[in-house]
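[1] Would you be able to build a 3D model of this:
(one chain, ligands or ions: 2)
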Amino acid sequence: MAVFTSVSLDDVRPWIAQFPLGEAVALKGIASGIENSNFFLTTQSGDVRTEHVLTIFENLGFEQLPFYLQLMRHLAGHGVLVPEPVPNHDGQLCVPLHGKPAAIVSKLEGSSQMDPQPVHCAAVGDMLARMHLAGRDFPLHQPNLRGIAWWHETAPAVLPHLPEAQVQLLRSEIHFQEAFHGSDLYKRLQQGPVHADLFRNNVMFDGERLTGFFDFYFAGCDTWLFDVAVTVNDWCIDLDTGVLDTARVRAMLDAYHAVRPFTAHEQAGWQCALRAGALRFWLSRLYDLYQPRAAEMLTPHDPTHFERILRERIATPAPRLFA
Ligand SMILES: Nc1ncnc2c1ncn2[C@@H]1O[C@H](COP(=O)(O)OP(=O)(O)O)[C@@H](O)[C@H]1O
Ligand SMILES: N[C@@H](CCOP(=O)(O)O)C(=O)O
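    Ligands and ions are numbered 1, 2, ... in the order given. Purely as a prediction, here's the structure:
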């Protein structure tokens with residue numbers, strides 16, 4: 001899962017009365033995802049049945065959620081395809097369920113494209129650029145909570161579990177990223193709200209038509225380039241080797257560039273950003289492996305995948321962002 005918190009239809013029936021959604025008629029736990037407890041929720045108002053997603057937040061507090069939920073609302077209001085949170089009768093987007101924060105958002109049509117072709121990568125690049133531009137006037141600010149401060153704080157928890165070669169890599173890469181994040185070049189990179197976890201499983205497609213980005217619960221303010229790097233590192237690689245696939249990289253970067261042109265500073269920082277994007281997920285997967293949480297259904301993600309990608313990004317010059 002992730003169903004960390006069990007919820008029944010009987011639990012939801014009285015709870016749903018605070019939303020303008022009618023009655024809850026079906027609830028089904030969703031077995032994918034690793035952070036939150038998610039359910040497909042069917043409601044009925046008169047003859048009309050509507051599908052939503054109910055999320056119970058396992059690791060985020062009430063004070064953090066307005067950033068994510070308001071961001072989704074803001075982006076949806078600016079034409080970016082994302083789930084729209086449903087406010088309750090008091091206008092609240094996030095309310096307690098079994099003592100934990102919970103929210104209802106609209107269900108996106110389609111399914112995740114786990115074997116993306118250049119056409120899918122182009123659609124993602126285009127929407128990602130639109131999302132970055134739409135986020136410019138979003139008034140709330142929160143740092144990327146899985147950014148460099150978290151890497152620092154988290155590395156000591158995993159280092160004792162690692163063999164020497166991985167200890168060296170993790171230590172040296174964090175050191176490298178500290179230098180990059182402290183550089184004049186880094187300060188010149190454009191920043192704003194970013195998704196920060198835009199993997200294949202967090203985008204819906206109906207055929208070749210992108211229907212939405214979702215799972216914004218790692219979003220925060222960071223460089224737009226970091227967001228592009230995280231996305232390219234997942235969508236545009238050979239999954240066995242981590243090597244970038246030129247056709248998919250070009251499709252994604254060219255589509256992004258057509259909407260929001262990359263800068264020369266971003267070109268200069270691109271390889272560092274690709275390394276940062278790989279380090280972030282290597283470390284979080286190591287952390288999840290060595291600090292597992294209880295869940296009814298949980299499939300841990302493989303950290304060695306991102307170790308391989310990180311080594312590959314260090315060893316191989318980055319492709320050009322633009323011609
Ligand atoms: N708004 C949505 N519309 C359609 N399906 C969704 C939506 N949100 C989540 N899902 C489904 O729930 C699954 C898990 O959601 P996700 O946000 O990735 O979980 P987690 O936050 O636990 O990683 C997704 O793979 C998708 O199938
Ligand atoms: N994408 C991350 C983990 C976060 O899981 P998600 O299901 O919320 O995307 C990874 O692959 O390590």
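
[2] Could you use CA atoms for every contact and neighbour count after this?
    OK.

[3] what sits up against stretch 145-163?
    With C-alpha atoms under 8 Å, 6 or more residues apart in numbering as the test, stretch 145-163 has contacts from Val167, Leu170, Ile174, Gln177, Glu178, Phe218, Gly220, Arg280, Leu283, Leu286, Tyr287, Tyr290.

[4] Compute the first-to-last residue distance for that stretch.
    27 Å (C-alpha to C-alpha, to the nearest Å).

[5] In that stretch, which residues are buried?
    Leu145, Arg146, Gly147, Ile148, Trp151, Thr154, Ala155, Val158, Leu159 (16 or more other C-alpha atoms under 10 Å).

[6] Would you mind giving me the confidence score for the third one?
    Going back to what we said before, that points to Gly147. Gly147 carries a pLDDT value of 98.

[7] Tell me which of the buried residues of stretch 145-163 fall in helices.
    Ile148, Trp151, Thr154, Ala155, Val158 (DSSP state H).

[8] give me phi/psi at the residue nearest to the spatial centre of the chain?
    What sits nearest the mean C-alpha location of the chain, by C-alpha atoms, centre = their mean, is Asp197, with 2.4 Å. When quoted as degrees, to the nearest 10, the phi and psi of Asp197 stand at phi -150, psi 40.

[9] ok, now which ones touch it?
    Contacts of Asp197 (C-alpha under 8 Å, 6+ apart): Asp215, Phe216, Phe218, Ala219, Asp227, Val230, Thr231.

[10] Please go through those residues and note which also touch ligand 1.
    Filtering the contacts of Asp197 for proximity to ligand 1 (criterion: C-alpha under 6 Å from any ligand atom) leaves Asp215.

[11] top of the contacts of Asp197 by neighbour count?
    Neighbour counts for the contacts of Asp197 (other C-alpha atoms under 10 Å) peak at Asp227, which has 26 neighbours.

[12] so how far is ligand 2 from the closest residue to His74 other than its chain neighbours?
    The shortest distance from His74 to any non-neighbouring residue, by C-alpha to C-alpha, 6 or more residues apart in numbering, is to Phe138 (6.9 Å). Distance, Phe138 to ligand 2, by C-alpha to the nearest ligand atom, to the nearest Å: 23 Å.

[13] Against His195, how distant is Phe138?
    Applying C-alpha to C-alpha to Phe138 and His195 gives a distance of 13 Å.

[14] more crowded one of those two?
    Set side by side, Phe138 and His195 show more neighbours around His195, with 30 against 15, by other C-alpha under 10 Å.

[15] In contact with the nearest residue to the more buried one once chain neighbours are set aside, which residues?
    Excluding its sequence neighbours, the residue lying closest to His195 (C-alpha to C-alpha, 6+ apart) is Ala219, at 4.4 Å. Ala219 makes contacts with Tyr68, Asn144, Pro193, Val194, His195, Ala196, Asp197, as judged by C-alpha under 8 Å, 6+ apart.

[16] Can you tell me which of the residues you listed lies closest to Val243?
    Within these, proximity to Val243 (C-alpha to C-alpha) peaks at Asp197, which comes in at 19.2 Å.

[17] Next, find the distance separating that closest one from Ala323.
    Taking C-alpha to C-alpha, one finds Asp197 at 27 Å from Ala323.

[18] And His120, by the same measure?
    21 Å.

[19] which residues touch the residue nearest to His74?
    Contacts for Phe138 (C-alpha under 8 Å, 6+ apart) come out as Leu71, His74, Pro193.

[20] and the first one, that one's in a strand?
    Think Leu71. No: under DSSP: H, G, I helix; E, B strand; the rest coil, Leu71 sits outside any strand and is assigned helix.

[21] what sits up against stretch 66-80?
    81-85, 93-94, 127, 130-131, 134-135, 138, 140-142, 212, 216-217, 219.

[22] Could you pick out the buried ones from those?
    Buried members of the contacts of stretch 66-80, counted by 16+ other C-alpha under 10 Å: 81-85, 93-94, 127, 130-131, 134-135, 212, 216-217, 219.

[23] tell me which of these is nearest to ligand 2?
    Ranked by distance to ligand 2 (C-alpha to the nearest ligand atom), those are led by Tyr217 at 7.5 Å.

[24] so where do the helices sit in the chain?
    In chain order, the chain shows helices spanning 9-15, 65-77, 118-134, 148-158, 164-181, 184-187, 224-235, 246-259, 264-290, 303-315, with DSSP H as the criterion.
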